[in-house]
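# pasting a predicted model and its sequence here:
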Amino acid sequence: MFTPAFFTTALLYLGYILIFPGFLFCFVVGLLLCGIDRKAVARMQKRVGPPILQPFYDFFKLCGKETIVPAAASRTTFMLAPLVGLAALVVIQLFIPVFNFRVFRNLPEVADMIVILYLLLIPAVSVMLGGAATGSPYAGIGLSREMVTVLAVELPLVMVLLSVAKAVGNELGTGLVFSLSGVVDYQAAHGSLIGHVSMIPAALAMLLIIPGETGNHPFDAAEAETEICEGLLAEYSGAPLGIYKLSHAVKMLTLTSLFVALFLGGIGTGVEHLVAAIGLTGGVAAALSLILQVLILVLLCIVLTLVTISFVHAVTARLKIEQLFKYYWTVVTGLALISLVLAWYGF
Amino acid sequence: MDFPFVKEAISSLFQKSSCDMYPVKPSEAAPNYRGRIVFHPDKCINCMMCERVCSGNAITHTSEQTPEGERITRTFYLGSCTFCATCMDFCGHGAIEFTRDYHMIATKEEDLMVSGTFLKKPPVKKPKPAAPAAPKAEAKPAVAAGTVIKPRDDGKPVQVPSKCVYCTICAKKCPAGALTVDRAAKTWTLDEDSCVGCGTCAEACPKKAILMPGDEPVTVEAAAPAAPKAEAKPAPAAAPATIGREDGKPVQDPDKCVYCTICAKKCPAGALEVDRAAKTWKLDEDSCVACGTCESVCPKKAIVCGVQDAPAAPAPKAEEKPAAPAAAPVEAPKADEKPAEPLKPRDDGRPLQDPSKCVYCTICAKKCPVGALEVDRAAKTWKLDEDLCIGCGTCAASCPKQAILY
Amino acid sequence: MFKKLIEESTGKSPWLFHINAGSCNGCDIELVSVLTPRYDAERLGFKLSGTPRHADIVVVTGPVTQQSLNRVLRTIEQVPEPRCIVTMGSCPQSGNVFRGSYAIAGPLSKYVHVDVDVAGCTPKPEAVIDGLVKATEILREKRRAMK
């Protein structure tokens, strides 16, 4: 069993998990997105704004701060919950294809969309667990609000995934395609899904889901710092808080790259042909095309962040929790439903 | 749902930010900004007015006795300052200044202390003291009934009861509020703890009834007015043919004199001493420079300088008031010197209201040291009690509208 | 190396927590104005945090009333190390015009070590920025002294 091939594979997967598209990639790009978001919001408010690297400073500073565990808290849950949330996000990132690059290449028929749906819940649950473990009343209020937010966002997200699965399944004639790799493969062959009439409402719905799922303005009732002292995070300090802030940043990357995979999957897939056309072959070509694909992904993520998170942040004020719920279950779910109906009838 | 700021957000993205970039680009405070205090110890007279008016108790002082004199350190604690500038407004000598420096960042309390040290200046002395000392002291003992009052050596004032008329001016002027004077009870009390020895009371006293260090001792006189003493030196101008003295020094006409003290106040050499209560008019021969000022200011023309013909001497327009003794009233037609002026100041040195200018603000009534004015804001009346008025002119000086002719 | 990184970051990401200990609201407003587009302290990494647990710099305004004293001290204790306490305006430094009142427990320095005083009543926003920058320097020193 412990053959050299096994070790190579193990090392490869370790690399996937730790470096790309796992932890390090998430860390750097996630915090970068967060910094760009803060800068963009500041510019939209006619401010100069913090440096792009500000989230990195914040994270390292928090690592150097004292961690106070509240007397009423359950210490284990308090310390472990943020790690669980971050781990779940890193795992999601492994499932999301970077155009032609996939971690689980030999599992094409995996229904990874459903896995992502479940895994996306884990960061939210980890925040809730950690917050509840502190025993703070602010966390109590934040917990109930976070729960409502998750409920509100989950329904339209399921609808969006369902309509994408149906649209791709219709085209391929295989019913529902719940494999994200399958969706990207289809887009690589037939062009991005955003070009389909039936998918435009779903894409819009997904754009509106991104700030809700990441807990950004105006859907941050659960972490409202001015009214409930950041809610679930009220009692967190030091490194665990830094990890939560990191999770929040990585979530932005996860959701924007999920959007890219779902609707813009065709954009970066032609790169391999481009690289081949220059005359490169073998390892160099693979490496170059991978780098180009990653760059395209990061660029798309930045654009999506600017549009869905920064711009929305700059022009809106925080919604009340019942307004948030109503909004997601009417407007956003409605959009996703239109898309689903259109996809069902093959438009 | 509507988003009113969509357009603004997008346009702002491509515009210059409205940020001042403060730490990078220094910024200056507005012209009248009141920032860090600068204290000029060389100008301070230690009147303590600033400490009294400071609402935040930010101003303190310490003093130590040194051979050169009292060394005073005044400290402004910016950490307790409201920057209201009241101290600056009250400082009569411009010793406190507010700058536009707003960088008042401190890691230690001392960083917020602004202080200055100076030697206390002795109170400003009257020009008269040196020579007149002896004669004055000698003139009085003839009828002296009490002990000699000497100035205190701790720099604090001493009252000369025989001279004091309890007009309360000193108490009002005292910057430290250390004096309490009761006109009715005829008491004069000094709060030793509050007194800073600034000498303002002595300066303000119209009767020179307060002695400060450097002043000559004064012998207490009998309570009763001693008329003979007044006549002892200046010859009573009784001669009908000619009046006045050869040397040009003034001579009082006791019949006309109302003891209003104006001559004494105006005397540049401080050679005259007029006691309203005792009805005495005294000339200090040594101090007198025979300038004639007293003659020209006397509202009653009761003073004659130099030898003059008796009937011709008095000014033609002297209008006698009933309050004056009026032994030999000289009625004369009013001179038309200022025809343009509808109102003329009164000749007897008392104030006259100009109703067209008066706003009945009552400031004059409040400032009047003898309470001779009664102003009713509602009824718009302005009344002068002729008997009380000492003709000091405070009302005219205090009137914000220049509505009092004096 | 990592320690150096943390130290650098500490100086670049100071989060503020604002305690109103009986302030007249003048200083509170000026503190918020520091975060407005005109002064934009976020350029320097400043951010208002909602809870003392997230804060690095505690800004206290107001003369520390008897009612607020206990709460102020408890709030400051909740701020994790390294922390920096900044008093803003004259009131927390001395009591200002309220000095000597039966309702005033201040000055704050009687109870905790105050790192930076920003004098003024109320300080100009520029002065507040100066004070906060000074506080971040102290914060960095404190971080260097840790561990």
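Okay, I see it.

# and chain C, which of its residues are near chain B?
Residues of chain C found near chain B (Cβ under 8 Å from any Cβ of the partner chain) are C:37-40, C:43-44, C:90, C:93-97, C:99-100, C:109, C:115-121, C:123-127, C:129-131, C:133-134, C:138. Where you see a C-beta, it was placed from the backbone N, CA and C, and this is true even at glycine.

# now the buried members of the residues you listed.
C:37, C:39-40, C:43-44, C:90, C:93-97, C:99, C:109, C:115-121, C:123-127, C:129-131, C:133-134, C:138 (16 or more other Cβ atoms under 10 Å in any protein chain shown).

# among those, which lie within strands?
Counting by DSSP state E, the part of these found in strands is C:116-118.

# now flag whichever of those is closest to chain A.
Each of these was checked against chain A using Cβ to the nearest Cβ; the closest is C:V116, at 18.6 Å.

# is it true that the closest one touches C:I138?
Yes - counting by Cβ atoms under 8 Å, C:I138 is a contact partner of C:V116 at 6.8 Å.

# what touches both of the two?
Listed as contacting both C:V116 and C:I138 by Cβ atoms under 8 Å, 6 or more residues apart in numbering or on different chains are B:107, C:84.

# which of the three states applies to the residue in the stretch 201-350 of chain B that chain C sits nearest to?
In the stretch 201-350 of chain B, the residue that lies nearest chain C is B:C201 (29.5 Å; Cβ to the nearest Cβ). The three-state label given to B:C201 by DSSP: H, G, I helix; E, B strand; the rest coil is helix.

# thought it was touching B:K173?
Yes - B:C201 sits in contact with B:K173 when judged by Cβ under 8 Å, with a separation of 6.2 Å.

# neighbour count for those two, which is higher?
B:C201 (29 against 16; other Cβ atoms under 10 Å in any protein chain shown).

# for that one, which non-adjacent residue is spatially closest?
Nearest non-adjacent residue to B:C201, counting by Cβ to Cβ, 6 or more residues apart in numbering or on different chains: B:C170, 3.7 Å away.

# could you list every helix and strand in contact with the strand or helix carrying the one you found?
Under the criterion of DSSP states H and E, B:C170 resides in helix B:169-173. Helix B:169-173 sits against strand B:179-182, helix B:200-204, with contacts defined as 3 or more Cβ pairs under 8 Å, 6 or more residues apart in numbering or on different chains; DSSP states H and E.

# winner for burial among these?
helix B:200-204 (a mean of 22; mean count of other Cβ atoms under 10 Å in any protein chain shown).

# with just CA atoms, put it into CSV.
Extracted in CSV, the C-alpha atoms of helix B:200-204 (Å, rounded to 0.1, in the frame of the first residue of the first chain):
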residue,chain,number,x,y,z
THR,B,200,-5.9,97.9,42.7
CYS,B,201,-8.1,99.1,45.7
ALA,B,202,-5.6,101.8,46.6
GLU,B,203,-5.5,102.9,43.0
ALA,B,204,-9.2,103.0,42.8
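
# which residues does A:I309 contact?
Listed by Cβ under 8 Å, 6+ apart, the contact set of A:I309 reads A:37, A:210-211, A:214, A:216-217, A:252.

# could you export the residues you listed as a markdown table, including distance to B:T117?
What follows is the contacts of A:I309, written out as a markdown table (distance: Cβ to Cβ, whole Å):
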| residue | distance to B:T117 |
| --- | --- |
| A:D37 | 58 |
| A:I210 | 68 |
| A:P211 | 64 |
| A:T214 | 63 |
| A:N216 | 60 |
| A:H217 | 58 |
| A:M252 | 63 |
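
# among those residues, name the ones in helices.
The helices, defined by DSSP state H, take in A:37, A:210-211, A:214, A:252 from the contacts of A:I309.

# could you check how far B:A379 is from B:G306?
Applying Cβ to Cβ, to the nearest Å, the value for B:A379 to B:G306 is 49 Å.

# counting neighbours, what do you get for B:D284?
Using other Cβ under 10 Å: B:D284 sits among 20 other residues.

# these two touch, right, it and B:C267?
No - between B:D284 and B:C267 no contact is recorded; they are 9.2 Å apart, counting by Cβ under 8 Å.

# rewinding a little: could you point out which of the helices and strands packed on helix B:169-173 sits nearest B:Y166?
B:Y166 sits nearest to strand B:179-182 of all these, at 5.6 Å, using Cβ to Cβ.

# need the longest helix for the chain.
Looking at chain A here, since you left the chain open. Longest helix in chain A, counting by DSSP H: helix A:137-172.

# let me rephrase: I mean chain C.
Per DSSP H, chain C has its longest helix at helix C:125-145.

# and it, what other elements does it pack with?
Going by 3+ Cβ pairs under 8 Å, 6+ apart, helix C:125-145 lies up against strand B:105-106, helix C:2-12, helix C:26-33, strand C:57-61, strand C:84-88, strand C:116-118.

# run the angle between it and helix C:2-12 for me.
Helix C:125-145 and helix C:2-12 are oriented at 160 degrees to each other (axes from the mean of the first three to the mean of the last three Cα atoms, to 10 degrees).

# okay, the angle between helix C:125-145 and strand C:57-61?
The directions of helix C:125-145 and strand C:57-61 differ by 140 degrees, with the same axes, to 10 degrees as the criterion.

# mind saving the C-alpha coords of helix C:125-145 as CSV?
Once non-C-alpha atoms are left out, helix C:125-145 reads as follows in CSV (Å, rounded to 0.1, in the frame of the first residue of the first chain):
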residue,chain,number,x,y,z
PRO,C,125,-10.5,66.0,14.2
GLU,C,126,-6.9,66.6,13.1
ALA,C,127,-5.8,66.5,16.8
VAL,C,128,-7.8,63.3,17.3
ILE,C,129,-6.0,61.7,14.3
ASP,C,130,-2.7,62.9,15.9
GLY,C,131,-3.6,61.3,19.1
LEU,C,132,-4.7,58.1,17.6
VAL,C,133,-1.5,57.8,15.5
LYS,C,134,0.4,58.4,18.7
ALA,C,135,-1.6,55.6,20.3
THR,C,136,-0.8,53.2,17.5
GLU,C,137,2.9,53.9,18.1
ILE,C,138,2.4,53.0,21.7
LEU,C,139,0.4,50.0,20.7
ARG,C,140,3.3,48.7,18.6
GLU,C,141,5.7,49.3,21.4
LYS,C,142,3.5,47.3,23.7
ARG,C,143,3.2,44.5,21.2
ARG,C,144,7.0,44.5,20.9
ALA,C,145,7.3,44.1,24.7
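
# off-centre distance for it?
10 Å (Cα atoms, centre = their mean, to the nearest Å).

# quick one, domains of chain B?
Following automatic domain parsing, one gets these domains for chain B: B:29-119, B:133-221, B:227-309, B:352-405.

# what about the shortest one, start to end distance?
Going back to what we said before, that points to domain B:352-405. One end of domain B:352-405 sits 5 Å from the other (Cα to Cα, to the nearest Å).
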